[in-house]
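J.: Model the following, please.
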Amino acid sequence: MTQATSTTTLMTRISALVLCVLGTGCTLSPDYNDDDFYGMPHATGTQFTQSNSVFASRLSCTDADNFAAAANFRVDQPIVLAAPGLSPNESSYRGAFGAAPLSPGDLIQVRMEYGEGFNGDYVLDSSGALTLPVIEPIYAAGLTTKALAQKVELALIRAKIFRAQTLDVTVKVKTWAAIEVPVSGAVFSPGRVTINAKLPEQLLDQQVAASGDHSKQRLLSEAIRAAAGVRPDAKLDQVILVRQGWRIEADLTGIMTGQPVKDHVLIAGDQVIVPSTGCFQPNLVKPSQITPKGFRVFMSNLIDSSMSNANAAIGRFSSNLPYGTRLLQAAVSANCVGGKEYTNAPRRIVLVSNHPLTGKTQVIERSVEELMRKSYRDHINPYVMPNDAIACYDSDITNLRDIARTLLDIVSPFSLLSKEDS
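T.: The predicted structure is shown next:
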């Protein structure tokens, strides 16, 4: 009888513990404000301390959502060309049928009779100039080979190196270089793209014997990309280049929108400064030449049916996300969405991020059901940043089921003892 009384007392205490757990619940209560969370598309911005030198300051985030947005174009009428059958570019070199203009980095061959000191292979430099011995560099970008040959002849005659009657220059293209073209309008990823790129070993043998050089790795955009790219709060229309005490401001928004942009060639000793606006600008959160292509996140999805991240299909590929991924997409990648509707739909997902301006760790919690079904999902669905952490929590129904199982495991031995006593 005493043992039965103690069993009843233990059951009472267990029931009280269960009610306490149910009353408290597992709901997280992080101390955060949605408007201050870095990654929220419509955040109000962050006031932060500037360094000693303030190059740019725009703490009002009113226009942050529209900054560097891709433009859309519409054509209602046929485009009137300069001449029938000719595109605008072709009309500038009407006499050269099938010819194409030269660009920086092109490998060309220059030949002339009795021109042993000038004959050879040349690479147009980064400014598009052809550098021949003795004479000044000749700007060749945008010219056809025939037009460049005429300019070379005129330069050599003016320098009194050749006579007009004895000079006949021939220019041929040996290798077309890769070029960068801004693309905008109705494309999935507007911006500046590189076309005609070749592997280094394909050009090495030819360019070793050529005179001149061209490098696409010494540009301002390449320096920014080497620094892991710009953050979403970057003031991209006022990037600072400091050279020998002089300050140059560069507008690189065209790289994101597909408009033409002047990409400065860097030299040793240059300093690049990317100022911050304090505002989260959603249009900068996409892969480009100056933003990350992808990034790594840390995921945890210890759901009851899987018992481990490996069984939950969270591997190397699911935790490497493309830049521009939002929390709902990351939840799908973490296997937090789907399954049994009544038990899995009310699941919650937690995003842990570091605010780059304040240096503070921020935590935000969302209902997967809200992210999936609510019409205002874009306002509560933040962007995921590199090295963020994502954790999935089971629904209340799953939690109650586990509590019931735990309670059953505790009570079962005492029930057996009670039966034996009786």
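J.: So for stretch 337-353, mean pLDDT?
T.: Here stretch 337-353 scores 76 as its mean pLDDT.
J.: can you check stretch 267-278 too?
T.: Regarding stretch 267-278, the rounded mean pLDDT is 88.
J.: buried ones in it?
T.: The neighbour-count check on stretch 267-278 (16 or more other C-beta atoms under 10 Å) flags D270, V272, V274, P275, S276, T277, G278 as buried. Just so you know, the C-beta spots here come from the backbone N, C-alpha and C atoms, and that holds for glycine as well.
J.: Equivalent analysis for stretch 375-387, please.
T.: I380, N381, P382, Y383, V384, M385, P386.
J.: Among the residues you listed, name the ones in strands.
T.: Among the buried residues of stretch 375-387, DSSP state E puts none in strands.
J.: which one of those residues sits closest to R366?
T.: I380 (6.3 Å; C-beta to C-beta).
J.: what about the strands in the stretch 201-350 of the chain?
T.: Here the stretch 201-350 of the chain has its strands, by DSSP state E, counting those that start in this stretch, at 239-243, 246-250, 271-273, 294-296, 298-300, 320-322, 348-354.
J.: Strand 246-250 and the first one, what's the angle between them?
T.: Looking back up the chat, that one is strand 239-243. 150 degrees (axes from the mean of the first three to the mean of the last three C-alpha atoms, to 10 degrees).
J.: Which elements pack onto strand 239-243?
T.: Strand 239-243 sits against helix 220-226, strand 246-250, strand 271-273, with contacts defined as 3 or more C-beta pairs under 8 Å, 6 or more residues apart in numbering; DSSP states H and E.
J.: Pick the most buried one from the ones you listed.
T.: Comparing the helices and strands packed on strand 239-243 by mean neighbour count (mean count of other C-beta atoms under 10 Å), helix 220-226 ranks first with a mean of 19.
J.: What helices and strands are in contact with that one?
T.: strand 239-243, strand 271-273.
J.: Dump these to a markdown table, plus distance to S318.
T.: Shown next, in a markdown table, are those (distance: least, C-beta to C-beta, whole Å):
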| stretch | distance to S318 |
| --- | --- |
| strand 239-243 | 34 |
| strand 271-273 | 34 |
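J.: Which stretch among the ones you listed approaches Y139 most closely?
T.: Taking C-beta to C-beta, strand 239-243 is the member of the helices and strands packed on helix 220-226 nearest to Y139, at 22.5 Å.
J.: Return that closest one as CSV; C-alpha atoms alone will do.
T.: Written as CSV, here are the backbone C-alpha positions of strand 239-243 (Å, rounded to 0.1, in the frame of the first residue of the first chain):
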residue,chain,number,x,y,z
VAL,A,239,33.1,53.6,-54.7
ILE,A,240,36.3,55.4,-53.7
LEU,A,241,39.6,54.8,-55.4
VAL,A,242,42.6,56.6,-53.8
ARG,A,243,45.7,57.0,-55.9
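J.: residues making contact with that strand?
T.: By C-beta atoms under 8 Å, 6 or more residues apart in numbering, the residues outside strand 239-243 that reach it are 55-56, 220, 224, 247-252, 264, 266-267, 269-275.
J.: Where does pLDDT dip in the stretch 51-200 of the chain?
T.: Along the stretch 51-200 of the chain, segments meeting pLDDT under 70 span 51-59, 79-99, 200.
J.: Run through the strands of it in chain order.
T.: 107-112, 120-123, 129-130, 138-139, 169-175, 179-183, 191-195.
J.: Now do the end-to-end distance for stretch 155-173.
T.: One end of stretch 155-173 to the other measures 20 Å (C-alpha to C-alpha, to the nearest Å).
J.: Mind listing what's buried along it?
T.: Quick answer for stretch 155-173 (16+ other C-beta under 10 Å): A155, L156, I161, F162, L167, V169, V171, V173.
J.: between those residues, which is nearest I364?
T.: When the buried residues of stretch 155-173 are ranked by distance to I364 (C-beta to C-beta), V173 comes first, at 55.9 Å.
J.: Grab the nearest non-local neighbour of the closest one.
T.: Nearest-residue entry for V173: I108, 5.5 Å, with adjacent residues in sequence omitted and distances by C-beta to C-beta, 6 or more residues apart in numbering.
J.: list the contacts for that neighbour?
T.: 102, 121-124, 130, 140, 145, 148, 171-174.
J.: do you know how far it is from K172?
T.: 7 Å (C-beta to C-beta, to the nearest Å).
J.: Mutual contacts of the two, please.
T.: Counting by C-beta under 8 Å, 6+ apart, the shared contacts of I108 and K172 are T145.
J.: one step back: export the helices and strands packed on strand 239-243 to CSV and tack on distance to F295?
T.: Formatted as CSV, the helices and strands packed on strand 239-243 follow (distance: least, C-beta to C-beta, whole Å):
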stretch, distance to F295
helix 220-226, 14
strand 246-250, 25
strand 271-273, 22
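J.: wait, which of those is closest to R296?
T.: Closest approach to R296 among the helices and strands packed on strand 239-243 (C-beta to C-beta): helix 220-226, 17.5 Å.
J.: Could you export that closest one as PDB, keeping only the C-alpha atoms?
T.: In PDB, the C-alpha atoms belonging to helix 220-226 read as follows (Å, rounded to 0.1, in the frame of the first residue of the first chain):
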ATOM      1  CA  LEU A 220      38.500  47.800 -59.900                       C
ATOM      2  CA  SER A 221      35.700  45.200 -60.100                       C
ATOM      3  CA  GLU A 222      38.300  42.400 -59.800                       C
ATOM      4  CA  ALA A 223      39.700  44.000 -56.600                       C
ATOM      5  CA  ILE A 224      36.200  44.100 -55.100                       C
ATOM      6  CA  ARG A 225      35.500  40.500 -56.100                       C
ATOM      7  CA  ALA A 226      38.800  39.400 -54.600                       C
END
